[in-house]
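Participant: only geometry, no sequence info:
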Ligand code: C2E
Ligand code: CA
Ligand code: CA
């Protein structure tokens, strides 16, 4: 083997690398430029998807474990080194881990030459991402230490627990008081938690503003709750002693040992993160005990969101517009139809709108889907109007569409595109959405009215039912929700309330649509309320367009 100016041969360096291997977290390597040979600490094979810790055809083999997007940059640098154009190698780029994740590394090395001929490059690779062993801000051990400790002592956790603690609204502290102050709070909080530790417990800093207590001895969930409460009190006292300079709370997520004893470290971390998130979702300043059922629901919601997004990017495959008839009460003829969105996948079958519409709203996907639905509904309406020219089509619009998209333009464009008379289009907005009555809603409402489009106030009777809306907004139609309908059928007081409301609406020249009429009993009772329209299973369930056409148009 070629000796360098260090006097060491490549073979001797390889031996030294093996010797250092157990003493380091970093990866020492040598790249023999003469023989196109690479040798790295054996530890690297456990972390990255390397073919082996030694190989020839160095540049070619790097393609197997370097993140593809970073490969050209690396190849160019290595070519310059082998050509003797540069002496130092210092690159930030990504290798692929054994779990197939891109991991950021900093690879540095220097080229040893002999009489100007490059012989080999000797260097070291450091992981620069989150391989945190300790954290100097909180003064605690970090997540890598937690992992090591967890793996080593996993078996000793027969009746223990993991308690993950997270500051509530920590971002606000940073924003209002600055990051240095935020760091101080993290340190003080770590001290408060440390003061509450019991024998046989270890505290780690998990991520940013989260801490994890690992309890190794026999303690129950009740003990975990007690401990959480104790920590909360300690923090309250700290806030008070600090003269209320900053007021903050802490949430906790508890995981019992039997819930993670059989699972991997990364699963245990996922469950524990979920538990803390649930505590925060339940209003913060409280704790939550991991429940597999809740977690499965969460996974279902997440999977469903993925499928919804996939459907949107695949030409709305799986979505369908259903129609439900609206019936004229005086003539018992068809007035129009409400368009109702449906979503069906192989994995879940038909999913209820009550489940997927909120997900569309949370993810913002309601914007593209709502626009698609608008076009589908108007396309169908164009079709029906060839037979029934004044057929009305009713379209649900979500509050998210009003606030975050240009829904007015979308509606006006679609109405024009399909040549639909504006007076045959009804836009439904829910009463609950209107509670946050801001000027975007009132503006949209006014512009639609100006254009002659009809407006319906949906879900009436489920929220506050603020009668002022009726005067402020003057909707053309008020849709009485089925919950109100059922109550009115069975309860005299509710029935009188509904009758009064109907009277009042009529005196204001507004029309009433009673929803959810399922049988003759409900129908005869509702007749007395004198509504203008009915909608309900009694007249027809929502169905696809061809079926609707067969039943109600032909
Ligand atoms: P909604 O706007 O109040 O729609 C009426 C709901 O009542 C529909 O439920 C309909 O199937 C149901 N319904 C009608 N008659 C009866 C009846 O006699 N008995 C019973 N038990 N139910 C009846 P669906 O289709 O499950 O939709 C639920 C909600 O999802 C809708 O309530 C609406 O808020 C939302 N939604 C549906 N499609 C869309 C859409 O395209 N966009 C938006 N933003 N929301 C939609
Ligand atoms: Ca509706
Ligand atoms: Ca409704």
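Facilitator: Arrived safely, thanks for sending. Bear in mind the structure is a predicted one, so any value in this text is a computation, not a measurement. Ligands and ions are numbered 1, 2, ... in the order given.
Participant: please tell me how far whichever residue of the stretch 1-150 of the chain sits closest to ligand 3 sits from ligand 2.
Facilitator: Going by Cβ to the ion, ligand 3 is nearest to residue 101 of the stretch 1-150 of the chain, at 46.2 Å. For glycine as for every other residue, the C-beta is placed from the backbone atoms N, C-alpha and C. Relative to ligand 2, residue 101 is positioned 44 Å away (Cβ to the ion, to the nearest Å).
Participant: over to that residue: give its phi and psi.
Facilitator: Backbone geometry at residue 101, expressed as degrees, to the nearest 10, gives phi -100, psi 140.
Participant: and it, what does it touch?
Facilitator: Shown in contact with residue 101 (Cβ atoms under 8 Å, 6 or more residues apart in numbering): no residues.
Participant: count of residues packed around residue 413?
Facilitator: Residue 413 has 14 neighbours, counted by other Cβ atoms under 10 Å.
Participant: swap that for residue 347, sorry
Facilitator: By other Cβ under 10 Å, the residues close to residue 347 number 8.
Participant: ramachandran angles for the nearest residue to it once chain neighbours are set aside?
Facilitator: Nearest non-adjacent residue to residue 347, counting by Cβ to Cβ, 6 or more residues apart in numbering: residue 307, 6.8 Å away. Reported as degrees, to the nearest 10, the phi and psi values for residue 307 are phi -70, psi -40.
Participant: any idea how far residue 307 lies from ligand 3?
Facilitator: 26 Å.
Participant: distance of that residue from residue 357?
Facilitator: 14 Å (Cβ to Cβ, to the nearest Å).
Participant: the residue nearest to residue 347 - how many residues pack around it?
Facilitator: If we define neighbours as other Cβ under 10 Å, then residue 307 has 19 of them.
Participant: apart from its neighbours in sequence, what residue is nearest whichever residue of the stretch 201-350 of the chain sits closest to ligand 3?
Facilitator: In the stretch 201-350 of the chain, the residue that lies nearest ligand 3 is residue 338 (7.8 Å; Cβ to the ion). Nearest residue to residue 338, sequence neighbours excluded (Cβ to Cβ, 6+ apart): residue 394, at 4.2 Å.
Participant: the one you found sits in which helix or strand?
Facilitator: Assessed by DSSP states H and E, residue 394 sits inside strand 392-396.
Participant: which parts of stretch 181-188 are buried?
Facilitator: 182, 184-188 (16 or more other Cβ atoms under 10 Å).
Participant: same question, stretch 22-33
Facilitator: Neighbour-count burial for stretch 22-33 flags 27-33 (criterion: 16+ other Cβ under 10 Å).
Participant: now do stretch 346-365
Facilitator: For stretch 346-365, burial by neighbour count (16+ other Cβ under 10 Å) applies to 351, 353, 356-357, 359-361, 363, 365.
Participant: could you check how far the residue of the stretch 1-150 of the chain found nearest ligand 1 is from residue 47?
Facilitator: Here the residue of the stretch 1-150 of the chain nearest ligand 1 is residue 101; by Cβ to the nearest ligand atom that distance is 37.4 Å. Remark: distance between residue 101 and residue 47 (Cβ to Cβ) = 11 Å.
Participant: kindly report the same for residue 323.
Facilitator: Where residue 47 is concerned, residue 323 sits at a distance of 57 Å (Cβ to Cβ).
Participant: quick one, which of these two is more surrounded?
Facilitator: residue 323 (26 against 19).
Participant: name the helix or strand for the more buried one, please.
Facilitator: Residue 323 is part of strand 319-328 when elements are defined by DSSP H and E.
Participant: which positions within that strand qualify as buried?
Facilitator: For strand 319-328, the neighbour count (16+ other Cβ under 10 Å) marks 319-327 as buried.
Participant: what's the answer for stretch 229-240, then?
Facilitator: 231-232, 234-236, 238-239.
Participant: what's the closest non-adjacent residue to residue 144?
Facilitator: Among residues not flanking residue 144 along the chain, residue 133 sits closest, at 4.8 Å (Cβ to Cβ, 6+ apart).
Participant: brain fart, residue 521
Facilitator: Take residue 521 and drop its neighbours on the chain: the residue closest to it by Cβ to Cβ, 6+ apart is residue 489, 7.1 Å away.
Participant: contact partners for the one you found?
Facilitator: 495, 521-522, 525-526.
Participant: what about it, helix or strand, and which?
Facilitator: Here residue 489 is covered by helix 482-490, with elements defined by DSSP H and E.
Participant: shouldn't residue 66 be in contact with residue 95?
Facilitator: Yes - in this structure, residue 66 is within contact of residue 95 by Cβ atoms under 8 Å, at 6.0 Å.
Participant: quick one: end-to-end distance for stretch 277-292.
Facilitator: 14 Å (Cα to Cα, to the nearest Å).
Participant: buried ones in that stretch, by neighbour count?
Facilitator: Neighbour count says stretch 277-292 has 277-280, 285-290 buried, by 16+ other Cβ under 10 Å.
Participant: ok, now stretch 453-469?
Facilitator: Result for stretch 453-469 [16+ other Cβ under 10 Å]: buried residues 453-461, 465, 469.
Participant: just stretch 487-501 next, same as before
Facilitator: 487-489, 494-495, 497-498, 501.
Participant: per-residue confidence for the residue of the stretch 51-200 of the chain found nearest ligand 3?
Facilitator: Residue of the stretch 51-200 of the chain nearest ligand 3, by Cβ to the ion: residue 169 (36.0 Å). Per-residue confidence (pLDDT) for residue 169: 93.
Participant: about what we covered before: columns distance to ligand 3 and pLDDT on top of the buried residues of stretch 487-501, output as CSV?
Facilitator: Below are those laid out as CSV (distance: Cβ to the ion, whole Å; pLDDT from 0 to 100):
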residue, distance to ligand 3, pLDDT
487, 15, 93
488, 15, 94
489, 17, 94
494, 17, 93
495, 19, 95
497, 18, 91
498, 15, 93
501, 15, 90
